[in-house]
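Participant: Starting from these lines, generate the structure:
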Amino acid sequence: MARIPEVDIERLKAEVSLVRLVESAGVTLEKRGADHVGRCPFHDDKTPSLVVTPAKNLWRCFGACDAGGDVIAWVMKREAVSFRHAVELLKGDYAPDLHAARAAPVARSVTAKLPAIATPAEDAELLGEVMGYYHTALKQTPEALTYLEKRGLVHGELIDAFRLGYADRTLGYRLPSVTTKAGLEVRARLKRLGVLRESGHEHLRGSLIVPIFDAHGRVANLYGRKVRDDLRAGTPDHLYLPGPHRGVFNLAALAASEELILTEALIDALTFWTAGYRHVTSSYGAGGFTEDMLEAFTAHGVKRVLIAFDRDAAGDKGAAAVAERLAARGMAAFRVNFPKAMDANAYALAVKPAAKSLGALLRAAEWMAGGATGASKRRPAAPELDGDMEPAPAPVFLSAAKEEVPEILPEPSAASPLPPGPPPAVEARIGERDIVIALGDRTWRARGLARNTSAESLKVNLMVRRSLADMGEAFHVDGLDLLIAKARGAFAAEAALELGLPIEAVKRDLGQVLLKLEAVQEEALEAAKQSAAPVAPAMTVVEESAALAWLKAPDLLARIAADVAAIGVVGEAANAQAVYLAALSRKLDRPLAVLIQSTSAAGKSALMDAVLDLVPPEERIAYSAMTGQSLFYLGEADLKHKVLAIAEEEGARQAAYALKLLQSQGTLTIASTGKDPSTGKLVTQDYTVEGPVALMLTTTAIDLDEELRNRCLVLCIDESREQTRAIHERQRFEETLEGLAAEEDRARILTPLLPLSQLVLRSLGEGGPLPTRSRACQLGRMGLAALKPWPAKTPSRVGPPACRSPAARRPASYGGHWEKAPCYDRAASGGSVVGNDPVNRSDPSGLCAKRDKKTLACLDSIGGIGETAAASSSLLEDTDSSGNQQTATAASTTWTGPADGSGYSNNPTNLPLEAQKKNFADPKQNGMAESKKQEAIGMALIPAAGITAGLTIETAPVIGRLFFRCCFAAGTLVDTDRGLRSIEQIKVGDRVLSREEATGATAYKPVLALIRPHHRQIFRLTLEVGERGERHRIEFGVSDDHPWRTVAGQWVETTALTPGDRLIRARGPPARVISVEGTARSEATFNLEVADFHTYFVGRDRLWVHNACSVEKLAEAALKYPGKAGRLKFHHILPRYLGGAANSTTVRIDAAYHQLITNGFRSLAPYGGSLPQAERILEIMKEVYGAFPLP
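Facilitator: Just a heads-up that it's a prediction; the model follows:
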């Protein structure tokens, strides 16, 4: 017998007053001190011997009977019933018969004290009365309701729809006494029906009861499932009433659908019903498909049956037998294949949500017999429940399980059931002040939705009304945030109480209201966002043609100066052109910054404002002043590719740090403290503002901030006497009639034509001939950040698409546009450049051979190498006018590009110096074949810096190999702010855990660049991690030269590590090196460039490694920090020779070499590249090739 919950017993003992209970039995009590005394009703008591203690709610007879106890013991003694019976009496508001109590002393009796159930004449009606009692008991029994939750059978209508019940062993208390004729008769009938056993106990006691009805709606059979798992051995879990199985479960489904799901057990059928598949019925076990069921299927015209029996031997055998019987009646039978040893309920609990997982199995049902022969195509069985299918935790049925749904086949056959249709759309009447939603007989009204300014909040004043026949209209109203579950739960509980509805029904309504209001709010927020953001005006065909004609004008720069002068700016033609081009550069990835300097009232603001008037309003932002953190809290894309103009540099001094970061990094990120709207706790929130942005400032300061000046193009206003006189004349002219007419010209110039003309511009990557020496290099380190080496800031990189040449083909991984620019003259390029000479008949890649020797002469475009994944590098034969044949290298060799990663030589850096020299001088040494791709890349690097003398074609392969270093094999895990991710899945902008080597500061930093995959020889590095007793080993596939941080504070390459070396981790004790072994395999490898700290952490144990940096970064570091090159930091490693005097033993490096690195990086950008060991490489090159002669 199931135990009565202790909480119920203790509640009865505490809540039922013993004094009132004793007095209700006819005993007169007198108060004596803290107790009450009276005559005991259980024996012939002459003097008061019964003592009741209210404080403890206990009683005791000190007379002949010597009895005592609590309120339960009193009822047991008074009514002569069992403990359970007494508890049931007290739970049912027990009140004894006062007349019988006063008539005579208590006599023992077995008369039922609880209201008896009706005893109709018909057996079916009697079963119905019993089932009604069981149905009521289920709703009042937490143990049975918990079992339903454990099995996932949770639905607001399930219990009532199938009249489920629970046999709680109290049925006998509701029957007439066995001492009466009526009691004997009803018990005999219940024994004949099988409800009671011969012993008088309930046959289905302790079971969840599922009734099965006949065609007339009468109870035909009862199924019982034990709810406890701790019963004695041999106790059956599944029981039916004795006798033949009668009735069909869920008979209404047969009439509603031509397709039916047939399960082996009723629990499985209830599982399908709860998941939304209402066309389901059940057999009486694997071999319990009765003739009644077959006749019912035939009578209702069922055409397809999906047999969802258990996946075991008995289930397979039973399914085959059922399919054969169904096929004989012309019905098609399909097998629903669960994973082995699983049934529908177990599968639904293991793979959630059940609606999707069960639906996938139904659509993958396998034809067995009957029906159309065309449906006999076999389908894949459901996947087995393994590690990929995470079981849901039990017994908490509502816990979120990992969703693993089998693949849904795209072509369901005729046997595939139609998926449940989408829920009906919720209709809402949206007014100015409120939103009204009608759901059945409930009407919901929401107010205050417009006050929400973000999608993270849904605060409303919500009211629900319902009309009741006997009570009029009931309603509940409250203010809450619908996105907070706790608030929704409290509202649903109160509303259910007020409206007289089940709380599940209110929760369902509330969910639909939430979704509808959320959709309305999203539409309102999007509309507000679009109305607030400036929208570029739509251009007509005429306007677009006029804008293109203006942009194509050959005297465009002169027109710009003239228009600025016509607007009212006197003089300053050169400055006007510079500021205008700076405004256009906003469309580039690295726009210009302009700082206009002059004394007060000299015209600097007038110049900036005049140019800003020519920029479309939606692409410019102007401020008078800015606070320190104002930039950090702008919208994420508010500044992207726009002009940011600040009236005075003084007004932006507090925001100087943010402006510098925005110019250098192109993005701003800040971590700020805010309140979590759901919990109210303070949490860290990230704010990001994306660039790039073209910056314009004015200043009257003489001494400028060095870092700001280094990032800006500083323009000085003409303050000469002649300029001042010209300004005064202009001011007087504006007061004349001619001046008023000129004002009309100003209005004409400021028509939408000029601003609209900038809307047809877009950023174009462009290559062109290179000068022998960049003027930016002559500036020293000042101006390096403001003027990126030529041609990064040439105006030709921004232009209208109609006036550009056809875009050259680039690798598929590059998403922008590249174009080949015309050759510039010497004056424009700053040096003599040999163009793509048609006389020399250069090949399509831009390479050509000089007539006199095999020395590379020029490269028309630095992007000319690697046009596609399979490109050709060749030196063509040529014949001059005399017929003499020139260069004899006519062979054309095809090499494979980075699409498959081949073509990269392996150059182990752990070899001795002499071996490395041989390897660089003769690539075929040590079994390493030379790559034509490296030769082509080297050819692109040499002319990129204008170094033509002394570097012949034979040196090109060596230079090309220097840029592919330091990588990890695919699958290496990297610690990011979103957990561990494979290195090949990292994208630019992702934030990885990084540590600054000098201070040890750790933070998540964005990834600036990706080193694209190329094949390298893989070394296997084995490490041991953990303390004694918990040690484990890990392995990394890594290139020979990737640097690891040791406890000695040094960066050590992979092949330089020795057993016993200890490597630093993000946290915990260091990892110990076990071995470094070379492998024969070559794999695609990956690396990253990380902002600021230039490090990241790999593996589940988070080992500290260095990143790879672009060669461009190395060149900038060399120019800016020449004295720090000796520190050998991998993100600015350059040899100690920088700035040193050239001699016979030292490689001569200066600005030309820096430009070689910088421009070489652009050639290698499609492939990725780094120079992590510049010192070692340059020393080898020094020994092999000698010094670099400069032009």
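Participant: Could you use CA atoms for every contact and neighbour count after this?
Facilitator: OK.
Participant: pretty sure residue 445 is touching residue 437, no?
Facilitator: Yes - the pair residue 445 / residue 437 is scored as a contact, 6.4 Å apart, by CA atoms under 8 Å.
Participant: residues contacting residue 183?
Facilitator: Shown in contact with residue 183 (CA atoms under 8 Å, 6 or more residues apart in numbering): 175-177.
Participant: Where does it sit: helix, strand or coil?
Facilitator: helix (DSSP: H, G, I helix; E, B strand; the rest coil).
Participant: what pLDDT does it get?
Facilitator: On pLDDT, residue 183 comes in at 74.
Participant: go on, residue 980?
Facilitator: At residue 980, pLDDT is 93.
Participant: Equivalent analysis for residue 277, please.
Facilitator: Per-residue confidence (pLDDT) for residue 277: 91.
Participant: measure it to residue 357 for me?
Facilitator: Going from residue 277 to residue 357 by CA to CA, to the nearest Å gives 12 Å.
Participant: Also residue 617?
Facilitator: From residue 617 across to residue 357, the span is 53 Å (CA to CA).
Participant: More neighbours: which of these two?
Facilitator: Just comparing residue 617 and residue 357: by other CA atoms under 10 Å the higher neighbour count belongs to residue 357, 23 against 18.
Participant: so where is the stretch 251-400 of the chain shaky, pLDDT-wise?
Facilitator: 372-400 (pLDDT under 70).
Participant: Quick one: neighbours of the closest residue to residue 491 other than its chain neighbours, just the number.
Facilitator: Once flanking residues are discounted, residue 491 sits nearest to residue 478: 7.4 Å by CA to CA, 6 or more residues apart in numbering. As a burial measure, residue 478 scores 13 neighbours (other CA under 10 Å).
Participant: Show me the chain divided up by domain.
Facilitator: 6-92, 117-244, 248-371, 428-531, 541-759, 962-1109, 1110-1190 (the TED database).
Participant: Report the mean per-residue pLDDT for the longest helix along the chain.
Facilitator: Longest helix in the chain by number of residues (criterion: DSSP state H): helix 503-532. What helix 503-532 shows for mean pLDDT is 85.
Participant: Mind giving me the packing neighbours of that helix?
Facilitator: Applying 3 or more CA pairs under 8 Å, 6 or more residues apart in numbering; DSSP states H and E, we find helix 503-532 packed against helix 485-499.
Participant: quick one: the helix it packs on to helix 503-532, angle?
Facilitator: If you take axes from the mean of the first three to the mean of the last three CA atoms, to 10 degrees, helix 485-499 sits at 130 degrees to helix 503-532.
Participant: So for helix 485-499, what gets flagged as buried?
Facilitator: 488-489, 491-496, 499 (16 or more other CA atoms under 10 Å).
Participant: I'd like the average pLDDT over it.
Facilitator: Regarding helix 485-499, the rounded mean pLDDT is 89.
Participant: by contact count, what packs against that helix?
Facilitator: strand 459-468, strand 472-481, helix 503-532.
Participant: Quick one: mean pLDDT for the helix or strand following the longest one?
Facilitator: Following the chain from helix 503-532 toward its C-terminal end, the next helix or strand by DSSP states H and E is helix 541-551. The average pLDDT for helix 541-551 rounds to 71.
Participant: Can I get helix 541-551 as CSV, trimmed to CA atoms?
Facilitator: Provided in CSV are the C-alpha atoms of helix 541-551 (Å, rounded to 0.1, in the frame of the first residue of the first chain):
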residue,chain,number,x,y,z
VAL,A,541,18.1,58.2,-64.2
VAL,A,542,18.6,61.9,-65.0
GLU,A,543,20.2,62.6,-61.7
GLU,A,544,22.5,59.6,-61.9
SER,A,545,23.6,60.5,-65.5
ALA,A,546,24.3,64.1,-64.3
ALA,A,547,26.3,62.8,-61.3
LEU,A,548,28.4,60.5,-63.5
ALA,A,549,29.0,63.2,-66.0
TRP,A,550,30.3,65.5,-63.2
LEU,A,551,32.6,62.7,-61.9
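Participant: Is it possible to get TSV of the buried residues of helix 485-499 that adds distance to residue 323?
Facilitator: Formatted as TSV, these follow (distance: CA to CA, whole Å):
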residue	distance to residue 323
488	48
489	47
491	51
492	47
493	48
494	51
495	50
496	47
499	49
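Participant: List just the nearest of those residues to residue 720.
Facilitator: Taking CA to CA as the measure, residue 720 sits nearest to residue 488 out of those, at 73.4 Å.
Participant: pretty sure the closest one contacts residue 479?
Facilitator: No - Residue 488 is beyond contact range of residue 479, at 10.3 Å (criterion: CA under 8 Å).
Participant: Okay, residue 91 and residue 13: tell me how far apart.
Facilitator: 11 Å.
Participant: neighbouring contacts of stretch 683-692?
Facilitator: Here stretch 683-692 makes contact (CA under 8 Å, 6+ apart) with 586, 588-591, 631-642, 662-663, 666-676.
Participant: Excluding sequence neighbours, find me the nearest residue to residue 475.
Facilitator: Closest residue in space to residue 475, ignoring its immediate chain neighbours: residue 465 at 4.2 Å, by CA to CA, 6+ apart.
Participant: and the gap between the one you found and residue 441?
Facilitator: Residue 465 sits 8 Å away from residue 441, going by CA to CA.
Participant: between the two, which one's more packed in?
Facilitator: Neighbour tally, residue 465 and residue 441, criterion other CA under 10 Å: the higher count belongs to residue 465, 19 against 9.
Participant: Show me the beta-bridge partners of that one.
Facilitator: In this entry, residue 465 is beta-bridged to residue 443, residue 475, by DSSP bridges.
Participant: show me the residues around it that make contact.
Facilitator: 442-444, 473-476, 499.
Participant: Kindly reformat these as TSV containing distance to residue 184.
Facilitator: Below are the contacts of residue 465 laid out as TSV (distance: CA to CA, whole Å):
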residue	distance to residue 184
442	50
443	53
444	55
473	49
474	48
475	51
476	52
499	45
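Participant: Make a PyMOL selection of the buried ones in these.
Facilitator: Of the contacts of residue 465, the buried ones can be selected in PyMOL as follows, counting by 16+ other CA under 10 Å:
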select buried, resi 442+443+444+475+476+499
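Participant: Tell me, please, where in the chain the pLDDT is lower than the cut-off.
Facilitator: Looking along the chain with the criterion set at pLDDT under 70, you get 1-3, 92-121, 174, 372-425, 468-472, 531-543, 742-966, 1012-1014, 1108-1191.
Participant: ok, now with 50
Facilitator: For the chain, the stretches flagged by pLDDT under 50 are 1, 97-112, 114, 373-421, 765-797, 800-964, 1110-1112, 1114-1191.
Participant: top strand in it by residue count?
Facilitator: strand 1002-1025 (DSSP state E).
Participant: which other helices and strands contact it?
Facilitator: Packing contacts for strand 1002-1025, counted by 3+ CA pairs under 8 Å, 6+ apart, involve strand 991-995, strand 1032-1038, strand 1071-1090.
Participant: before we move on, the earlier item: looks like the residue nearest to residue 491 contacts residue 447 (just checking).
Facilitator: No - counting by CA under 8 Å, residue 478 does not reach residue 447; the two are 10.7 Å apart.
Participant: Among the contacts of stretch 683-692, which are located in helices?
Facilitator: Checked against DSSP H, these include these in helices: 662-663.
Participant: Return the members of the contacts of stretch 683-692 classed as buried.
Facilitator: The neighbour count (16+ other CA under 10 Å) marks 586, 588-591, 631-632, 636, 638-642, 662-663, 666-669 as buried among these.
Participant: Residue 1005: which of the helices and strands packed on helix 485-499 is closest?
Facilitator: Closest among the helices and strands packed on helix 485-499, using CA to CA: helix 503-532, at 30.2 Å.
Participant: How about the closest one, which residues are buried there?
Facilitator: Neighbour-count burial for helix 503-532 flags 503-504, 506-507, 509-510, 512-514, 516-518, 520-521, 524-525 (criterion: 16+ other CA under 10 Å).
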